[in-house]
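Engineer: I'll drop the sequence and a predicted model, then ask my questions.
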Amino acid sequence: MDVQRPRNRSRFLQRSSAAAALTALGIVYGDIGTSPLYAFKVAVQAAGGNVAVSAIGVASLIIWSLVLVVSIKYAALILRADNHGEGGVVAMLALLGARDAAPRSRHAALLVLGLIGAALLYGDGAITPAISVLSAVEGLKTDAPALTPAVLPITVAILIGLFFVQSKGTGFIGRVFGPVMLAWFASIAVLGGTALLRRPAALNALDPAWAVGFVLHAPVGVSFAVLGAVFLAVTGGEAMYADMGHFGRFPIRLAWFAVALPALVLNYLGQAALVTEDAKALDNPFYGLAPDWAHYPLVLFATLATIIASQAIISGVFSLTQQSIQLGFLPRLGIRHTAADQEGQVYLPFANWLLAAGTLAAVLIFRSSDALAGAYGIAVSGLMAISTFLAALIAIQWGYKPWLVVAVNGGFFMLDLVFFSANAAKLMEGGWFPLLIAGVIAFLMLTWRTGVRLVEAARAHLREDEATFLAGLNQAVPCRTDGIGVFLSAAPTGVPLAMTEHVRHNHSLQKRLALVSVTMVEKPFVADAERATVTRLASDIDRVVLRFGFMDDVAIPAGLTCSGLFTSAELDKISYYIGRETVIADPRIPGMAPWREELFVSMQRNTAPTGSSFCIPSKQLIEIGTEVRI
């Protein structure tokens with residue numbers, strides 16, 4: 001029995017890893033898995049010249065880009081830079097301690113850089129569903145050119161439906177993501193492998209000399225255009241790191257090396273073989289791999305795969321928005337949990353419809369996947385370059401030898417810059433669109449963060465210190481009533497403004513009081529045992545500091561349960577007091593530019609109610625109006 005137990009445990013771990021890897025195929029690799037629909041075609045068209053020669057060179061560039069950028073840089077290296085198992089730009093900022101950076105410090109510069117990287121994901125999030133679904137539906141034109149006018153309306157209808165169902169949650173469709181994408185990868189591998197058997201000379205693309213030779217011998221303008229198009233084949237690779245916390249490092253690597261990478265390589269080789277055999281197939285080489293009878297089923301299958309890919313990036317935007325709100329980079333927005341048993345499934349109505357507007361605008365402005373290719377890539381290449389740079393700083397912080405980090409990450413950073421420069425050449429062709437979205441989001445993030453600092457500075461000036469308040473408490477409050485009063489405070493010191501105002505107006509307090517503040521820590525989750533710190537201020541007054549991670553649900557009642565101060569019966573009788581602040585932009589007070597302060601005030605007035613953000617029952621919540629000038 002003692003020998004059998006480890007064996008059973010090993011089999012269980014293998015099954016768990018395999019199941020997680022299967023799910024990761026749908027969530028993590030949906031985007032990169034649908035890139036063969038458009039990446040190879042756009043790159044060969046950009047190369048021009050002899051199609052047969054260009055096809056092999058482009059296929060070689062794509063394959064070795066997948067190896068260098070996705071397999072080595074992301075899978076082997078950047079996945080190591082985790083924050084307690086979580087990945088993504090926000091997790092990197094937390095690791096580097098940049099969230100609470102002082103203005104004009106080195107960490108403040110890193111914060112700005114990281115927020116730009118996070119904002120670039122929003123630009124990517126608007127383009128990915130548009131180009132993915134549009135490229136799939138365009139397959140209808142292969143056998144039925146008369147349906148060309150219907151491509152755009154069908155795409156718009158699919159995307160509107162996709163954003164409408166977000167409020168239902170992804171749990172009902174999440175279970176089929178993995179199996180569908182496994183079938184997709186198997187299908188594209190078979191399609192590519194079949195064409196490769198007919199013309200095995202395309203295997204020359206596996207030789208990196210073809211990739212290097214193509215770049216060196218082509219004119220500089222052509223090389224940059226091709227590299228910008230080749231990068232379309234690796235977009236989606238950044239999801240490896242962003243989604244690491246959902247599946248773990250090993251399942252993500254297993255899904256990539258065992259399924260996704262071999263299937264993608266076979267398909268790109270097959271497209272190269274097809275185009276070298278028939279140059280006319282370049283009009284749509286992906287669908288050209290399939291026999292005529294399979295075109296319409298393949299269009300339906302590709303559309304389903306692109307919907308899955310789109311869902312993955314939409315869910316990623318929701319997750320990033322939630323993390324940014326928790327860390328104070330965005331105002332509180334309404335967040336709905338769509339699955340009682342899976343806390344990671346959230347729906348943010350405002351973010352959903354803002355993303356929907358961006359995606360539909362992209363479809364209606366660019367109108368074809370070829371035109372959208374000009375807009376795609378610049379946001380992701382910028383995000384990849386920022387991630388490589390931040391990962392280098394983390395590696396040095398963790399004690400790796402600086403010369404080794406510079407040599408390895410520096411090489412990949414230069415590669416990222418090459419891809420970014422190649423995509424930047426498409427700025428006027430559409431690259432401006434995701435950059436515009438990213439620029440607006442980054443500016444709003446920085447404005448909100450700066451405004452919150454100014455508000456807290458104003459609060460600190462108005463806030464009474466504990467010793468002074470307690471010394472005059474008996475005189476100011478002649479009446480103490482039965483019950484429990486919990487006053488929420490933005491700071492772990494001083495008396496909450498809501499409490500001061502309550503005493504000034506009512507001259508009474510409950511016999512038992514708690515001053516509660518929330519601190520966001522720079523890790524994803526906080527254990528219940530570490531959740532609450534209690535300090536006794538007086539015989540009947542406690543200060544409670546609740547700690548939450550940036551992936552935690554910020555729930556005050558649940559946090560108070562961890563403090564041990566109250567029984568479950570008492571929790572239902574607590575009266576929660578919170579300040580409802582009216583922020584006024586005062587030009588006489590130093591701060592941001594007046595128009596930025598007005599923008600912050602507008603954002604602050606449209607945030608979600610604080611009580612609902614902290615999961616406080618509305619029947620137990622009392623709001624007290626306060627005024628703060630910045």
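Structural biologist: Sure thing, it's come through.
Engineer: What ranges in this structure fall below the confidence cut-off?
Structural biologist: Counting by pLDDT under 70, the chain has low-confidence residues at 1-17, 98-108, 168-176, 246, 337-346.
Engineer: Ramachandran coordinates for Val583?
Structural biologist: Here is the backbone geometry of Val583 (degrees, to the nearest 10): phi -90, psi 130.
Engineer: after the helix or strand where Ser187 lies, next one along is what?
Structural biologist: For Ser187, the host element (DSSP states H and E) is helix 171-198. Once helix 171-198 ends, the next helix or strand along the chain (criterion: DSSP H and E) is helix 208-217.
Engineer: contacting residues for the nearest residue in space to Leu289 that is not next to it in sequence?
Structural biologist: Setting aside the residues directly before and after it, Leu289 is nearest to Leu191 in space (C-beta to C-beta, 6 or more residues apart in numbering), at 4.0 Å. Heads up, the C-betas are built off the backbone N, CA and C, glycines and all. Counting by C-beta atoms under 8 Å, 6 or more residues apart in numbering, Leu191 makes contact with 267, 270, 289-290.
Engineer: which residue ranges form the strands in the protein?
Structural biologist: 336-337, 346-347, 479-489, 508-520, 532-538, 541-548, 574-584, 621-629 (DSSP state E).
Engineer: Distance to Met603 and neighbour count added to the contacts of Leu191, as TSV?
Structural biologist: Putting these into TSV (distance: C-beta to C-beta, whole Å; neighbours: other C-beta atoms under 10 Å) gives the following:
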residue	distance to Met603	neighbour count
Asn267	45	30
Gly270	50	30
Leu289	49	25
Ala290	50	22
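Engineer: Which of the residues you listed sits closest to Glu138?
Structural biologist: Lowest distance from Glu138 to the contacts of Leu191 (C-beta to C-beta) belongs to Ala290, with 14.5 Å.
Engineer: my read: Leu497 touches His461, true?
Structural biologist: No. In terms of C-beta atoms under 8 Å, Leu497 does not count as a neighbour of His461; the distance is 10.7 Å.
Engineer: of these two, who's got more company?
Structural biologist: For Leu497 and His461, the more surrounded residue by other C-beta atoms under 10 Å is Leu497, and the numbers stand at 22 against 9.
Engineer: picking up where we left off before, tell me which two in the contacts of Leu191 are the farthest apart.
Structural biologist: In the contacts of Leu191, two members sit farther apart than any others by C-beta to C-beta. They are Asn267 and Ala290, at 11.3 Å.
Engineer: sorry, back to before: buried residues, the helix holding Ser187. List them.
Structural biologist: Using 16 or more other C-beta atoms under 10 Å as the burial criterion, the residues of helix 171-198 that qualify are 174, 177-178, 180-182, 184-185, 187-196.
Engineer: And for stretch 355-363?
Structural biologist: Going by 16+ other C-beta under 10 Å, stretch 355-363 has these buried residues: 355-356, 358-360, 362-363.
Engineer: Tell me the spacing between the nearest residue to Leu25 once chain neighbours are set aside and Ala242.
Structural biologist: Here the nearest residue to Leu25 in space, its sequence neighbours aside, is Met181; by C-beta to C-beta, 6+ apart that works out to 4.3 Å. When C-beta to C-beta, to the nearest Å is applied, the distance between Met181 and Ala242 equals 17 Å.
Engineer: Could you report the neighbour count for the residue nearest to Phe350 when sequence neighbours are not counted?
Structural biologist: Using C-beta to C-beta, 6+ apart and skipping residues adjacent in sequence, the residue nearest Phe350 is Leu333, 5.0 Å away. With neighbours defined by other C-beta under 10 Å, the count for Leu333 comes to 18.
Engineer: Assess the claim that Leu333 and Ala351 are in contact.
Structural biologist: Yes. Contact criterion C-beta under 8 Å: Leu333 and Ala351 qualify, at 6.5 Å.
Engineer: which residues do those two both contact?
Structural biologist: With C-beta under 8 Å, 6+ apart as the test, Leu333 and Ala351 both reach Thr321.
Engineer: any idea how this protein splits into domains?
Structural biologist: By the record's domain assignment, the chain is partitioned as 4-451, 464-629 (automatic domain parsing).
Engineer: most tightly surrounded among these?
Structural biologist: Burial among the domains of the chain, expressed as mean neighbours by mean count of other C-beta atoms under 10 Å, is greatest for domain 4-451, which shows a mean of 20.
Engineer: contacting residues around the residue nearest to Glu597 when sequence neighbours are not counted?
Structural biologist: By the measure of C-beta to C-beta, 6+ apart, the closest residue to Glu597 outside its immediate chain neighbours is Ala585, 3.7 Å from it. Contacts here follow C-beta under 8 Å, 6+ apart; on that basis Ala585 touches 594, 597-598, 600-601, 629-630.
Engineer: Using a markdown table, lay out the residues you listed together with distance to Leu147.
Structural biologist: Converted to a markdown table, the contacts of Ala585 look like this (distance: C-beta to C-beta, whole Å):
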| residue | distance to Leu147 |
| --- | --- |
| Pro594 | 54 |
| Glu597 | 53 |
| Glu598 | 50 |
| Phe600 | 49 |
| Val601 | 50 |
| Arg629 | 61 |
| Ile630 | 57 |
